[in-house]
Every structure is written in C-alpha cells, then in structure tokens.
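**Student:** sequence first, then the predicted structure, then my questions.
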Amino acid sequence: MIKTTTQNEIILNVYKENSESSQEDFQTECVMNSTLSEERDEFEDIKISLEALSFQPRQKSIDAILNYSVSFMKIQ
C-alpha cells in the first residue's frame with residue numbers, strides 16, 4: 001500500500017513533534033522512498049538555515065521602546 005506523506009508530516013518529523021512510533025515509521029518510509037528521503041533532507045537543511053538566523057534591531061528602535069517604557073512608568 002502506498003502512503004502519501006504531506007509536507008506538514010515531514011516537518012513534524014524533522015522537528016520531532018510526533019510520537020516515537022510515527023518517527024520510526026517515517027524513517028522506514030524514507031529508506032523505501034528516495035523522493036521522500038530527499039524532501040526530508042531539504043527540510044532539514046532549511047531547519048538548520050533558520051536556526052542560524054539572527055536578528056538585531058536597530059539601536060534607534062531599542063531607544064524608542066525604552067523611552068516609551070520610561071514615559072509610561074512616569075504616568076503611573
């Protein structure tokens with residue numbers, strides 16, 4: 001029987017957000033289906049890229065937030 005795997009299911013497996021038995025079943029499917037295995041590898045690469053991203057706000061934005069906070073505290 002052919003099982004269709006959605007992108008959501010692949011993502012759940014990449015982030016290990018499903019049961020252990022589901023993960024084992026998915027790994028077995030990947031061994032038997034090279035296309036699925038390639039898709040999983042692509043999602044894992046994307047996950048690594050996302051984890052490497054870092055955002056730094058501009059100092060002007062930080063100052064605006066701090067100034068608002070100080071003025072709000074004065075009101076109370």
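**Tutor:** Happy to help now that I have it. Note that this is a predicted model, so its numbers are computed, not measured.
**Student:** need the next SSE after whatever helix or strand D41 lives in, C-terminal direction.
**Tutor:** Using DSSP states H and E, D41 sits within helix 34-52. Next helix or strand after helix 34-52 toward the C-terminus (DSSP H and E): helix 59-75.
**Student:** so where is the chain shaky, pLDDT-wise?
**Tutor:** 1-2, 75-76 (pLDDT under 70).
**Student:** what's the closest non-adjacent residue to the most centrally placed residue in it?
**Tutor:** Central residue of the chain (C-alpha atoms, centre = their mean): K47, 5.7 Å from the mean position. Leaving aside its sequence neighbours, K47 sits nearest to V14 (C-beta to C-beta, 6 or more residues apart in numbering; 5.6 Å). Every C-beta, even on glycine, is put in place using the N, C-alpha and C of the backbone.
**Student:** these two touch, right, that neighbour and E44?
**Tutor:** Yes. With contact defined as C-beta atoms under 8 Å, V14 counts as touching E44 (5.5 Å).
**Student:** those two: who's more crowded?
**Tutor:** Using other C-beta atoms under 10 Å, the more surrounded residue of V14 and E44 is V14, with 19 against 14.
**Student:** list the contacts of that one.
**Tutor:** Applying C-beta atoms under 8 Å, 6 or more residues apart in numbering, we find V14 in contact with R40, F43, E44, K47.
**Student:** and with 6 Å instead?
**Tutor:** Shown in contact with V14 (C-beta atoms under 6 Å, 6 or more residues apart in numbering): F43, E44, K47.
**Student:** any idea how far it is from Q56?
**Tutor:** For V14, the distance to Q56 (C-beta to C-beta, to the nearest Å) stands at 27 Å.
**Student:** do the same with L36
**Tutor:** Distance from L36 to Q56, by C-beta to C-beta: 37 Å.
**Student:** who has more neighbours out of the two?
**Tutor:** L36 (18 against 7).
**Student:** quick one: the more buried one and C30 touch, right?
**Tutor:** Yes. In terms of C-beta atoms under 6 Å, L36 counts as a neighbour of C30; the distance is 5.3 Å.
**Student:** on that earlier part again, quick one: the helix holding D41 to chain centroid distance?
**Tutor:** 11 Å (C-alpha atoms, centre = their mean, to the nearest Å).
**Student:** all good on my end, thank you.
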